[in-house]
Structure formats: structure tokens, C-alpha cells
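Turn this into a model:
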Amino acid sequence: MILSDKTIKELIKKGEIVIDPFDERNLQPASYDLHMGSKIMSMDRSKATFIDIKSPVKQEMITYDLGDGGAFVLQPGDFILANIVEITGVNDKYVGRLEGKSSLARLGLIIHATAGFLDPGNCLRMTLEICNLNNIPIKIYAGMKIAQMAFEELDQPCEKPYGSSGLNSKYLGDMEVKESQMYKNFDCQGKELKKDFTGK
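Next up, the predicted model:
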């Protein structure tokens, strides 16, 4: 069940949902508008000719700080990572779903390639995976409305919130934009780490 604006406000007061800073003017009927942060990351094409998902990519990434209201021009086909300004979190009874804004989608701007899920028990500044699908550049700005968060209630509180032992929770409590940690799913020999459903 998707939570209404009234329920979101009630749960923020109870501490079961976190939106910080919270401004009621950004509250929509069943979601909350979120803003783009000033720090972004992009791949340095002069350092990387391909991506190996078994290897860290931090050395191939460039970090920019746009400052307050600063702009970045996203070329056609470009892909960047950026943070949300707001810290969002949920307890073990809820999940958050990061969604795009229709007005930006109509310009060809995709704000999350796939990872728009706020796990129960996590509280962080979510990372955007932004891509320009248009055939002309798009200029975006730090502080602009760029996404919205909807919240849903689980059928019951989860047994193992994000960050619990054995879950390999790679982005727990992140406050800065971070490159992919996919390589942590593999051991030093490059074999994928496997767990059964008990987390062992």
C-alpha cells in the first residue's frame, strides 16, 4: 500500500520515516519531491576503456562539486552519479521507492537507471543514476527538483533490515555519492559470493 501525504507526515513525527530536511511544500499527494545535490561523479574515459564488474572503478571516476545552484551539461548518452540533498530513511516496516519526474522524463532525462529502492532499515542520501537519452545536451542544476520518493508498508516488519549481518549491505548510511561497489560481490579469485536464503 502506497502511503498518502497525511500518513507520511504522521510517520515522520513518529520517527518511522525520515526526510531531512522536510518542507511540507515539497509534499505531493502520495510522494515527496527531492532535490539534486551538488556533488556528482562521472567516468573518466581517458582512464577506462571498459568496465570489469569484478574490479573497483573508483580510480576511473571523477568527482565534481557544482556548488550551490551550479550547473552541469549532460551530453547525449552521458551517464553520471549524483546525490539527493535530502536524507531519507525508513524503519523495518516500510520501503521507499525513488521515482522520476514526468517533466524531466519528457526531456529525455532519466534519473535512476534501475536502483530506486530504499531498503527497510536504511537511512541515507540516495544516489541518482542520471542519463541523457535525448539527442541534444541537457543542462541540470544543483538544488533543482529531480525526483520523488513514495513510501510503501510491508505486510509485516522484516526480519533482517538492511545492514544486518550477512546481507552484504554495501551502501548502508551513505551520505556522499559513491561509485559502484559491485566488485564486493566477488571474492579475490573473481568468483561470485553465494549465500542461501538464511544469509549463510
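
quick one: strands adjacent to the lengthiest strand in the chain?
The residue-count maximum for a strand in the chain (DSSP state E) belongs to strand 31-43. Counting by DSSP bridges, the strands paired with strand 31-43 are strand 27-28 (antiparallel), strand 61-65 (antiparallel), strand 79-84 (antiparallel), strand 145-153 (antiparallel).

Please report how far the nearest residue in space to Lys170 that is not next to it in sequence lies from His112.
Closest residue in space to Lys170, ignoring its immediate chain neighbours: Gln181 at 4.0 Å, by C-beta to C-beta, 6 or more residues apart in numbering. Where C-beta positions appear, they are placed from N, C-alpha and C, glycine not excepted. Look at Gln181 and His112: by C-beta to C-beta, to the nearest Å, they are 17 Å apart.

what's the answer for Leu133, then?
In terms of C-beta to C-beta, Leu133 sits 13 Å off from His112.

Over to Asp174?
15 Å.

swap in Val85?
16 Å.

With distance to Asp44 and mean pLDDT added, can I get the strands paired with strand 31-43 in TSV?
Output for the strands paired with strand 31-43, formatted as TSV (distance: least, C-beta to C-beta, whole Å; pLDDT from 0 to 100):
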stretch	distance to Asp44	mean pLDDT
strand 27-28	37	98
strand 61-65	5	92
strand 79-84	12	94
strand 145-153	24	97
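
So for Pro120, which of those strands sits nearest?
strand 145-153 (10.3 Å; C-beta to C-beta).

what's in contact with that closest one?
1-3, 8, 11, 17, 19, 26, 28, 30-36, 82, 84, 88, 90, 93-101, 104, 111-112, 118, 126, 128, 140 (C-beta atoms under 8 Å, 6 or more residues apart in numbering).

starting at the chain centroid, how far to the longest strand of the chain?
Relative to the chain's own centre, strand 31-43 is displaced by 8 Å; criterion: C-alpha atoms, centre = their mean, to the nearest Å.

What's opposite the nearest residue to Ser42 once chain neighbours are set aside in the beta bridge?
Among residues not flanking Ser42 along the chain, Ile80 sits closest, at 4.6 Å (C-beta to C-beta, 6+ apart). Counting by DSSP bridges, Ile80 forms beta bridges with Ser42, Ile130.
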